[in-house]
Structures are given as structure tokens and as C-alpha cells.
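Asks: how does the following fold in three dimensions:
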Amino acid sequence: MEANSLQSVHSDMISKIMPNHFQKVEGELFNNIFQYANGGIAIVGLDGKWVKVSQSVVEFLGYSEKELYEINFQKITHRDDLNVDLNLMYQLLEGKIEKYQIEKRYFHKKGHIVWALLSVSLVRDKEGNPCYFIAQITDISAQKSSRWKLEFLMNVIKGQNEKLKDFAHIATHDLRTHVGNLFSITEFLEEEISTIVDSENYTMLKDSIINLDKNVKNLTQIQISKPKRSNALVKLNLYQFVNNATYNISAVAKKEKCEIHNNVDKDLHVLGSEAYLDSIILNFLTNAIKYRSEHRNPIIELSSSETDEYLVLHIEDNGKGIDLATHRYKLFSLNETIHKHHDSRGVGLYITKNHIESIGGKIEVVSEVDKGTRFSIFFLKA
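Replies: Numbers count the residues shown, from 1 in each chain. Purely as a prediction, here's the structure:
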């Protein structure tokens, strides 16, 4: 039903009620209810005019009491919400419903829109004739604003996830191509230089290519669009993955004169994803080497411990250390860097923390400047 026709119906009904009904509703109790009620309360005539409003309504809409009493609610209601409100009012008058509650928009006196949770009931006289509406008006503008911001952020995240998914497909495809090319080059080298297979550096190179090929294959199995569930994780030997990661960076460690000691219990198994566990351990090892001290050769100690729920991998270095009092809350933030390094992007620890949490784990850190850092990564027990 259109607004004009509904208003005509309401006008016809006005003539059926006593004109001075509201003059009888006075007294200290009545005024106290309006003064101290939690939220805005208003008495509204059957024609939509404000008859009595609490101070909360005055503050919410920005009009003075006198200004409100000279207009009806239709005048300051957003047009997209008016018909809904009037239709429900009509159903109240017809006795089809006893009350209603809606979210609606009003125009503030300054011109901007404010949102309200409106609850309306109808008061009738002894003969059952409608007298006036009682409206409770709660300001929900802040909640609406927060909801819009959340929806906006969720849409941004959804878009970023789609881009990340596309990037992952492209990256793994290209990496497989390059890995295949590297395998071909090693074959050519072996054909041309038969003695090259005796070189320790060549052996490290070929083994690194083999491990890279395995990692790329693991990456293709990750479903980026879906969170990891515990029943989707697999049982993995923590010592073996530490050993593989250590070997994968053995050339870098040799160049930087870095000692890496794997003291992880050989019988421990965690729940995880092969690609994630590889990435987690590699990132911490490469970071320990990257942020080594200029005053001593780097040493990295990897060890393990257990709690009731978790297996804990400890990775301790003797590097530059971190001033946690200053940097603790941005340590795992995106695009935040702690130390100056030409290869620092503020992405590695952010991604690694997400990997850890996505497989049900958590991470803790203790550090002292110029003495070193100890990361403790908590994995679910297998």
C-alpha cells in the first residue's frame, strides 16, 4: 500500500478517538519514565505526529521538542523505509499484529542519516478504540557503521584471496617449468663433464633441485580457499622435516659459516601439511641466518619439547635479537620490518604465523638484543 493511501486511512481513524486523550496522561511517574528510560521513548499520534518525546529522542534526531511536536515522523523518515513502517502501523490499527520492530533510517536535523531500532505498540481505550502509539527508539548508527565496515573488509579479503589463489596457480605452474629446466641442465652438465658428479657443490645443487621439485608438488595440494581442518592434516615426522630444511639451506649456511644443530627428538610426529611445515621451518632458518650478528658466526639450535596438547619446536639463534618491548606487536604484522636488510619485505613472518595457526598451532618468542632469539612453535600432536 502506498504512503499517501495509508495516511488517508490513518486520518479517517483519527476522528474515532477522543481528541484530548493525552491531556489525561500526566504526573510525576509518567515524566520520570520519559526522563530516565534507557533509550528513546515517544508517544506518537495516529496521524504520525510526535505527542511526547524523551530527551534521548531529542538528542538522537537533533530537533528540539517544540520542533518535533510541529512535524510528524513521516517527514523525517527515509523514503525507502516509510512504506514498511506505515504498513506495519496499519496492521496494528487493524488488530492483525500486537507490536512490531524494524530497523529504519531517520534524517537528522543536520541532514545526515541516523539508524534506529524501532519498537512500536498500540494503546487502545476501554472500548478497544486505538488511542496512540508507544515507540521505543534505540540508536544503532554505530553498529550499522561497524557492520558496513566489516562487510567492506570481508569483500576486500575475498578479493585478495581470489588474487592469491590465482597467483598460487600461476606461481606453481611457472616453478614446475623452471624445475624441469634445471633438471635438464644437470643432465647436460653430467654428459659434458663426467667428473662433475664427484663435486660436493654439484651434489648439493642437484639435491636442492630435487627438494624444490618436492616442495612445488606439495604446494599444488594446498587448497588456499579452504581453511585447514584437523581431519585434513597428516602425520609428519618433525625431525625429518627439520633435517630436510637444514639440508635445503646447507649452501647458504656454508657460505655464511653458520652451524645448524638438529636436536629434535627423532620419534616426534605432528599434525600438519607438508608444504606448510616445510615453509615454516625454512622461513625461521633463513631468517636466523639473514639477521645474524656481525660480531660472531651464526649458530642455530633446534630442539623439541612436549605439553599436554602440543609438540613444541624451539628454534634458537645467537643473532641480532629483537627489542620486544618496542616491536612485539608488529613482529608478525604484514609489511613490518624489525631490522634493516636489503631482502626484508615484512611478509615472511606474517605468512609463517598464518601457516602455523591454520594447522591449529601457535607461536611464542623470547629475545634479547645482541644475544639472540628463541622462537617456540606449537604443533598439534599426531
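
Asks: secondary structure element holding residue 316?
Replies: Assigned by DSSP states H and E, residue 316 falls within strand 310-317.

Asks: and that strand, what does it pack against?
Replies: Under the contact definition 3 or more Cβ pairs under 8 Å, 6 or more residues apart in numbering; DSSP states H and E, strand 310-317 sits against helix 238-248, helix 274-290, strand 299-306, strand 372-380. No exception for glycine: its C-beta is placed from N, CA and C like everyone else's.

Asks: any idea how far residue 204 lies from residue 48?
Replies: Using Cβ to Cβ, to the nearest Å, one obtains 84 Å as the distance from residue 204 to residue 48.

Asks: more crowded one of these two?
Replies: residue 48 (20 against 15; other Cβ atoms under 10 Å).

Asks: picking up where we left off before, any idea how far the strand holding residue 316 is from the chain center?
Replies: 27 Å (Cα atoms, centre = their mean, to the nearest Å).

Asks: contacts for that strand, please.
Replies: 238, 242, 264, 268-270, 281, 284-285, 288, 291-292, 298-306, 361-362, 372-381 (Cβ atoms under 8 Å, 6 or more residues apart in numbering).

Asks: run the last query once more with 7 Å
Replies: Strand 310-317 is contacted from outside by 238, 264, 268, 270, 284, 288, 298-306, 372-381, using Cβ atoms under 7 Å, 6 or more residues apart in numbering.

Asks: now residue 213: closest residue in space, sequence neighbours ignored.
Replies: Using Cβ to Cβ, 6 or more residues apart in numbering and skipping the chain neighbours, the partner closest in space to residue 213 is residue 179 (4.7 Å).

Asks: show me what contacts that neighbour?
Replies: Residue 179 touches 209, 212-213, 216, counting by Cβ under 7 Å, 6+ apart.

Asks: just the buried residues from those, in ChimeraX please.
Replies: With 16 or more other Cβ atoms under 10 Å as the criterion, this ChimeraX line picks the buried residues out of those:
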select :209,213,216
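
Asks: now, among the contacts of residue 179, which is nearest to residue 259?
Replies: Checking the contacts of residue 179 against residue 259 by Cβ to Cβ gives residue 212 as the nearest, at 23.8 Å.

Asks: and the helix or strand hosting the closest one, what's buried?
Replies: According to DSSP H and E, residue 212 maps onto helix 200-220. Within helix 200-220, the residues that count as buried by 16+ other Cβ under 10 Å are 202, 205-206, 208-209, 213-216, 218-219.

Asks: can I get the residues you listed in JSON lines with distance to residue 76 and pLDDT?
Replies: Shown next, in JSON lines, are the buried residues of helix 200-220 (distance: Cβ to Cβ, whole Å; pLDDT from 0 to 100):
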{"residue": "202", "distance to residue 76": "81", "pLDDT": "87"}
{"residue": "205", "distance to residue 76": "76", "pLDDT": "86"}
{"residue": "206", "distance to residue 76": "77", "pLDDT": "85"}
{"residue": "208", "distance to residue 76": "71", "pLDDT": "83"}
{"residue": "209", "distance to residue 76": "72", "pLDDT": "85"}
{"residue": "213", "distance to residue 76": "69", "pLDDT": "79"}
{"residue": "214", "distance to residue 76": "67", "pLDDT": "74"}
{"residue": "215", "distance to residue 76": "63", "pLDDT": "71"}
{"residue": "216", "distance to residue 76": "63", "pLDDT": "72"}
{"residue": "218", "distance to residue 76": "61", "pLDDT": "64"}
{"residue": "219", "distance to residue 76": "58", "pLDDT": "63"}
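
Asks: thank you, goodbye.
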